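Participant: one predicted model, sequence on top.
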Amino acid sequence: MSTKYTIRMRLAIAFLAIIGLAFASLNSAMARFAVILRDRAKADIITSNKSISDNTFRNLMDNVLIDVVIAAIISTSFAITGAVLAGHPRWLREQEKAWMYFGCFQCILSLVIISTGGYLADHVHGFQTSFERFSGNDNFQYYNIMYYGGVGQAACGSLVIFVAVASFAAFMISDSHERSIQPIERQSEQYQ
């Protein structure tokens, strides 16, 4: 395996690892916001006459918390796996299929990221007034962060799948092109 080929693979893997780290940070922040809002809804159930909507919002925040924790764990596994593979080029050179396994792993986990992001955006969408009520005097726009974070997460998950499939196709085309050129070079060397 050529050095140029290994460098390209390492750059693609490092790029995907950085995206995984950004997803993990976003999901960690959304988990913290879900806990804050859930606790505020619990406190409001005792003092308010709107206990049904408060209880529904609290249950939503419990579900959002589970969703973003799963997405954060998956995103962290993206980042760790990518950092290990990008940091140890010897593994990529010795085991030629390592990048293919990483790409397949990336696609499978991106499908989970797409579904968790879609779930988050879908379930948070109808609760904008509840978000405004429980946000209090905070400067954070909890609804916008969670809704658009879920939409962005689903969109980026689909882009990660596209990048993984496109880089797989590019590497396969490049590899087959290099293999087709090598026999021609050998034939030209024989005639000289």
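Facilitator: Structure received. As the structure is a computational prediction, the values presented were derived from the model and not from experiment.
Participant: which parts of stretch 110-118 are buried?
Facilitator: For stretch 110-118, the neighbour count (16 or more other CB atoms under 10 Å) marks 110, 113-114, 116-118 as buried. In short, each C-beta sits where N, CA and C put it, glycine included.
Participant: then stretch 17-28?
Facilitator: Going by 16+ other CB under 10 Å, stretch 17-28 has these buried residues: 17, 19-24, 26-28.
Participant: now the buried residues of stretch 110-118 as a markdown table including pLDDT?
Facilitator: Converted to a markdown table, the buried residues of stretch 110-118 look like this (pLDDT from 0 to 100):
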| residue | pLDDT |
| --- | --- |
| Ser110 | 86 |
| Ile113 | 86 |
| Ile114 | 90 |
| Thr116 | 88 |
| Gly117 | 88 |
| Gly118 | 90 |
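Participant: tabulate the residues you listed (TSV), appending distance to His177 and secondary structure.
Facilitator: Output for those, formatted as TSV (distance: CB to CB, whole Å; DSSP: H, G, I helix; E, B strand; the rest coil):
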residue	distance to His177	secondary structure
Ser110	28	helix
Ile113	32	helix
Ile114	32	helix
Thr116	38	helix
Gly117	36	helix
Gly118	38	helix
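Participant: between the residues you listed, which is closest to Met9?
Facilitator: Ser110 (18.0 Å; CB to CB).
Participant: distance of the closest one from Ala29?
Facilitator: Going from Ser110 to Ala29 by CB to CB, to the nearest Å gives 20 Å.
Participant: against which helices or strands is whichever strand or helix holds Ala43 packed?
Facilitator: Using DSSP states H and E, Ala43 sits in helix 3-47. On a contact count with 3 or more CB pairs under 8 Å, 6 or more residues apart in numbering; DSSP states H and E, helix 3-47 meets helix 51-87, helix 89-94, helix 98-124, helix 128-135, helix 142-191.
Participant: at 6 Å what do you get?
Facilitator: On a contact count with 3 or more CB pairs under 6 Å, 6 or more residues apart in numbering; DSSP states H and E, helix 3-47 meets helix 51-87, helix 89-94, helix 128-135, helix 142-191.
Participant: any buried residues in the third one, and which?
Facilitator: Right, the one you point to is helix 128-135. For helix 128-135, the neighbour count (16+ other CB under 10 Å) marks 130-131, 133-135 as buried.
Participant: redo those as CSV? Include distance to Val84.
Facilitator: As requested, the buried residues of helix 128-135 are arranged in CSV below (distance: CB to CB, whole Å):
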residue, distance to Val84
Ser130, 42
Phe131, 38
Arg133, 45
Phe134, 40
Ser135, 39
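Participant: now stretch 134-143: mean pLDDT?
Facilitator: Averaged across stretch 134-143, the pLDDT comes to 79.
Participant: scratch that, stretch 21-32 is what I was asking about
Facilitator: Across stretch 21-32, the average pLDDT comes to 88.
Participant: contacts for that stretch next, please.
Facilitator: Outside stretch 21-32, the residues that touch it by CB atoms under 6 Å, 6 or more residues apart in numbering are 65, 68-69, 71-72, 75-76, 79, 146, 149.
Participant: quick revisit: and of the helices and strands packed on helix 3-47, who's closest to Ile13?
Facilitator: Per CB to CB, nearest to Ile13 of the helices and strands packed on helix 3-47: helix 51-87, 4.6 Å.
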